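S.K.: I'll drop the sequence and a predicted model, then ask my questions.
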Amino acid sequence: MKMIKRIPLMVLFFPIFLVAQNWETSYNNALIKSKEENKPIILVFAGSDWCAPCILLDNQIWQSEEFKNFSKENYVLYKADFPRKKANKLKTDLALQNGELAKRYNPKGYFPLVVVLNQDESILGTTGYKRKEPKAYIRLFNSFIE
């Protein structure tokens, strides 16, 4: 009887798992996946708990069904987050990793900054937050790799 009660919940939440984004947990994982799958990396520098344009970019683009579906097949995603609130503090190794990435790809400290990289870690293009639809971001990212 308990199994019957669980089935509707599984059916209800299953579509969420199909379109969930796979933000890599470390840059090294993103780089390995990029090479294995021959996909470019979208590296996002964000301040998830203080940067209003970063939050808008997340809500309007990264969380859109259109971008989720497209990125799943075409890109490897990594977010280098720089939260400021104590409750959101990153583990030391992750904070150091993100700091090294910022030195290399975001030395001026722009937030948000989106960097599209190839498998050799060369910059193909950069952008920030723009009031555009997900389709426009997808076209922009694709123009970097053409």
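M.R.: Good, I have the coordinates. In this text, all values refer to a predicted model and were calculated from it rather than measured experimentally.

S.K.: For L113, grab phi and psi.
M.R.: phi -130, psi 130 (degrees, to the nearest 10).

S.K.: Which residues are in contact with it?
M.R.: Residues counted as contacts of L113 (CB atoms under 8 Å, 6 or more residues apart in numbering) are 44-45, 105-106, 126-128. Heads up, the C-betas are built off the backbone N, CA and C, glycines and all.

S.K.: rerun that using 6 Å as the cut-off
M.R.: Counting by CB atoms under 6 Å, 6 or more residues apart in numbering, L113 touches 45, 106, 128.

S.K.: Can you list the residue ranges for helices in the chain?
M.R.: According to DSSP state H, the chain carries its helices in the segments 2-19, 27-37, 52-57, 65-74, 92-105, 134-145.

S.K.: What's the separation between N88 and L96?
M.R.: Using CB to CB, to the nearest Å, we find N88 at a distance of 16 Å from L96.

S.K.: ok so, going back, using JSON lines, please lay out the contacts of L113 together with distance to V116.
M.R.: Shown next, in JSON lines, are the contacts of L113 (distance: CB to CB, whole Å):
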{"residue": "F45", "distance to V116": "13"}
{"residue": "N106", "distance to V116": "13"}
{"residue": "G128", "distance to V116": "13"}
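
S.K.: what about the helices of the chain, which gets the closest to P112?
M.R.: Smallest distance to P112 across the helices of the chain (CB to CB): 4.3 Å, for helix 52-57.

S.K.: What average pLDDT does the closest one get?
M.R.: Averaged across helix 52-57, pLDDT comes to 98.

S.K.: And the contacts of that helix?
M.R.: Against helix 52-57 from outside (CB under 6 Å, 6+ apart): 46-47, 111-112, 129.

S.K.: Pick out the most distant pair among those residues.
M.R.: G47 and Y129 (11.7 Å).

S.K.: Tell me which of the two has more neighbours.
M.R.: Y129 (21 against 17; other CB atoms under 10 Å).

S.K.: Nearest residue to the more buried one in space, please, no chain neighbours.
M.R.: Excluding its sequence neighbours, the residue lying closest to Y129 (CB to CB, 6 or more residues apart in numbering) is P53, at 3.8 Å.
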